[in-house]
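*Asks:* Curious how this folds, go ahead:
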Amino acid sequence: MQIIRRLMFVVALICPLITQAEPQVAKLYQRELTRNSYAIGGLNAPVALFAAQVHQESQWNVTALSHVGAQGLAQFMPQTANWIATQYPELKTNQPFNPSWALRALVRYDYWLYQRIHAVTDCDRWAFALSAYNGGLGWVQRDKRKARIQGLDPMSYWHAVESVNSGRSRANFIENRGYPKRIIYRWQPLYLHWGNSVCLDD
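*Replies:* As a prediction, the model looks like this:
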């Protein structure tokens, strides 16, 4: 009887790990995402973070189309896709449903946002960048200004700017604040074997 209990305990420990694995389809794009991450961000690029972001955006569905018009793996809105196609020669074809284009565009845009954000730690900086990817850089800047006025540290996302709403609707605010958390803490652990991560060692 004791052996059966021990066996059940081991199964209970293993089952969540089995169900919380990366989707099989993600493996088709691992090499492409890793290559683009290293090409754009260097060998320290947080590949696991980018994989988690794709997981959140489209669950690796190359034909994903949201109810608001976001397209492909990276769920770029048409206006964002048009804009980024004018910024980087390798993205000029503007093909959000092409996996190679979408993965490169996601990493490019993440770094474009990251470079325009200052934060107290790299973890905070990436959280700000993810918030900006989801809701726009302008909102992040407004939230930071309001945080300063409220006596909060505008350089800290977690437990500071994270709590500040500079005018979004309640639904948009909840969605935006959940976005970095889900990517970093829920999905990123599934992809740690892909490469570097952020925040998980803090």
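
*Asks:* low-scoring stretches of this structure, by residue?
*Replies:* Within the chain, the ranges that satisfy pLDDT under 70 run 1-19, 202.

*Asks:* so what's residue 93 closest to, chain neighbours aside?
*Replies:* Among residues not flanking residue 93 along the chain, residue 101 sits closest, at 6.4 Å (CB to CB, 6 or more residues apart in numbering). Placement of C-beta: from N, CA and C, glycine included.

*Asks:* helix or strand for the one you found, which one?
*Replies:* Using DSSP states H and E, residue 101 maps to helix 99-114.

*Asks:* just checking, next helix/strand downstream of that helix?
*Replies:* helix 122-135.

*Asks:* Find out how far that following helix is from the centre of the chain, if you would.
*Replies:* 8 Å (CA atoms, centre = their mean, to the nearest Å).

*Asks:* the inter-axis angle of it versus helix 99-114?
*Replies:* 120 degrees (axes from the mean of the first three to the mean of the last three CA atoms, to 10 degrees).

*Asks:* quick one: contacts of helix 122-135?
*Replies:* Under the contact criterion CB atoms under 8 Å, 6 or more residues apart in numbering, helix 122-135 has outside partners 46, 49, 53, 109-110, 113-114, 117-119, 139-140, 143, 155-158, 161-162, 168, 172, 175-177, 179-180, 183-184, 198-199, 202.
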